[in-house]
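Enquirer: What follows is a predicted structure for the sequence shown.
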Amino acid sequence: MACIDALKAISSQLIVLHHLAFYGPMSDVAHVLAPDLLDWFSQYARIAVQAFLVISGFLAARSLAPGGHLTPHPLLAIWRRYQKLVVPYTVAILIAIAGAAIARTWMHHDSIPGAPGLHQFLAHVLLLHNVLDFDALSAGVWYVAIDLQLFALLIVALWAARLCARRLEAGGA
């Protein structure tokens, strides 16, 4: 689906520009050079997150409920989604932890997270860091947790619709 791919490509670049404009010491220096542009990226480029959420919901509904009926078992579908998300996410978190450790040796900046403890790392791997009130180990990791939570909500909604339809059919027959 070329249109979907194009929206994802544009949105991903807007998110990168938002992060470059908003986070870290580079944004402080770059802001002096192009304040209006960086202010725009900082304020408005994050709207691309909504594009990703809508696209993700569309693609999930399309694959999970072709013809309007949930095909996989709900818990199995959520588990598969978790596995699909958490493997690259964990690798990215480990790289972010290493990068932050290196950055802390060279400079001090509010955007550089402290060294994580085991509980903080596990909360991230379980995608519960916001729920358990742990500081994020990297900007944007909240999105992965929200993606899984919204996916699970979609699965529950489709499952509930299937149960309601079955009850209506049984009652009407």
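Expert: Ah, there it is.

Enquirer: Select the helix or strand of the protein having the lowest average pLDDT value.
Expert: The helix or strand of the chain with the poorest confidence is helix 24-33; it has a mean of 83 (mean pLDDT, DSSP states H and E).

Enquirer: Give me the contact list for that one.
Expert: With contacts defined as C-beta atoms under 8 Å, 6 or more residues apart in numbering, helix 24-33 is touched by 20-21, 38-39, 42, 107, 109, 111-112. Heads up, the C-betas are built off the backbone N, CA and C, glycines and all.

Enquirer: In it, which of the residues would be classed as buried?
Expert: 24, 27, 30-31 (16 or more other C-beta atoms under 10 Å).

Enquirer: sorry, back to before: so which two of the contacts of helix 24-33 are the farthest from each other?
Expert: 39 and 107 (23.9 Å; C-beta to C-beta).

Enquirer: and the two? which has more neighbours close in?
Expert: When residue 39 and residue 107 are compared for neighbours, residue 39 comes out ahead with 13 against 9, by other C-beta atoms under 10 Å.

Enquirer: Can you name every helix or strand that the helix or strand that contains that one contacts?
Expert: According to DSSP states H and E, residue 39 maps onto helix 35-44. Packed against helix 35-44, as judged by 3 or more C-beta pairs under 8 Å, 6 or more residues apart in numbering; DSSP states H and E, are the following elements: helix 2-22, helix 24-33.

Enquirer: circling back to that earlier point, for the buried residues of helix 24-33, which one is nearest residue 135?
Expert: Residue 135 has its nearest neighbour among these in residue 24, at 15.9 Å by C-beta to C-beta.

Enquirer: Mind giving me the PyMOL select for the contacts of helix 24-33, buried ones only?
Expert: Buried subset of these, written as a PyMOL selection, criterion 16+ other C-beta under 10 Å:
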select buried, resi 20+21+38+42+112
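
Enquirer: Please identify which of the contacts of helix 24-33 is nearest to residue 93.
Expert: The shortest distance between residue 93 and any of the contacts of helix 24-33, using C-beta to C-beta, involves residue 112 and amounts to 14.9 Å.

Enquirer: pretty sure that closest one contacts residue 103?
Expert: Yes - shown here, residue 112 and residue 103 form a contact pair, counting by C-beta atoms under 8 Å, at 4.9 Å.

Enquirer: Give me the residue at the spatial middle of the chain.
Expert: Nearest to the centroid of the C-alpha atoms of the chain, with distances taken as C-alpha atoms, centre = their mean, sits residue 143, at 2.2 Å.
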